[in-house]
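[1] after the sequence you'll find the predicted model.
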Amino acid sequence: MRLPSKFSASALVLVCALAIAFSATDNSRAFAHGGDDDDYAAGEPGNSMKPSRTVEVTMSEANGTMSYEPAEIDVKKGEQIKFIVKNVGTLKHEFFLDSFDHNARHKIEMQKNPEMEHDDPNAQSIEPGQQKEILWKFSKLGSFEFACLIPGHYEAGMHGKVVVK
């Protein structure tokens with residue numbers, strides 16, 4: 001059975017529009033964690049039903065610098081960490097956990113869109129005086145970065161490292 005050409009053209013336009021919309025949404029999600037939906041560079045989202053070690057991280061700014069405390073965290077491969085990330089500063093910050101390379105690429109995207117908000121398994125935007133949790137399983141060996149990619153914050157010192165051994 002052959003469909004009328006008007007119907008075929010309309011259906012094709014609708015399918016293309018949906019594909020473009022989905023692609024734009026999917027691409028922004030991919031930037032939030034550096035790859036496919038199931039492939040995070042720094043490991044994988046944690047499982048709340050499994051044990052975890054809690055690590056508190058504070059974000060602040062003072063004397064022209066911005067920082068995380070602690071700035072370096074050591075974990076064992078396979079370990080699950082519950083990050084409690086507190087913004088004790090006066091500016092909005094973010095905690096973005098990924099590879100150094102993915103963070104560098106996402107930093108460029110943030111320069112184009114500085115109001116971008118993060119609410120992902122590996123990234124959270126946090127207002128002053130607020131805190132958020134990230135539950136993360138470090139299933140890959142190596143060094144990974146947590147950073148605030150809001151324009152100017154990284155350059156002011158707001159980045160740290162997770163070493164997985």
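    Great, that's in hand.
[2] please identify the buried residues of stretch 106-114?
    For stretch 106-114, a neighbour-count test (16 or more other C-beta atoms under 10 Å) marks 106-107, 110 as buried. To be clear about C-beta, it is placed using only N, CA and C from the backbone, and glycine gets the same treatment.
[3] next one: that stretch to chain centre, how far?
    In this view, stretch 106-114 has its centroid 13 Å away from the chain centroid, taken as C-alpha atoms, centre = their mean, to the nearest Å.
[4] still on that earlier bit, among the buried residues of stretch 106-114, which ones are in helices?
    Members of the buried residues of stretch 106-114 lying in helices (criterion: DSSP state H): 106-107, 110.
[5] residues in contact with stretch 39-51: which ones?
    33-35, 52, 80-82, 97-99, 101-102, 121-122, 135-140, 144, 162, 164 (C-beta atoms under 8 Å, 6 or more residues apart in numbering).
[6] 7 Å instead?
    Identification of contacts with stretch 39-51 by C-beta atoms under 7 Å, 6 or more residues apart in numbering yields 33-35, 52, 80, 97-99, 102, 121-122, 135-140, 144.
[7] and these, which of them are buried?
    With burial judged by 16+ other C-beta under 10 Å, the buried subset of the contacts of stretch 39-51 is 33-34, 52, 80, 97-99, 102, 121-122, 135-138, 144.
[8] good, we can wrap up now.
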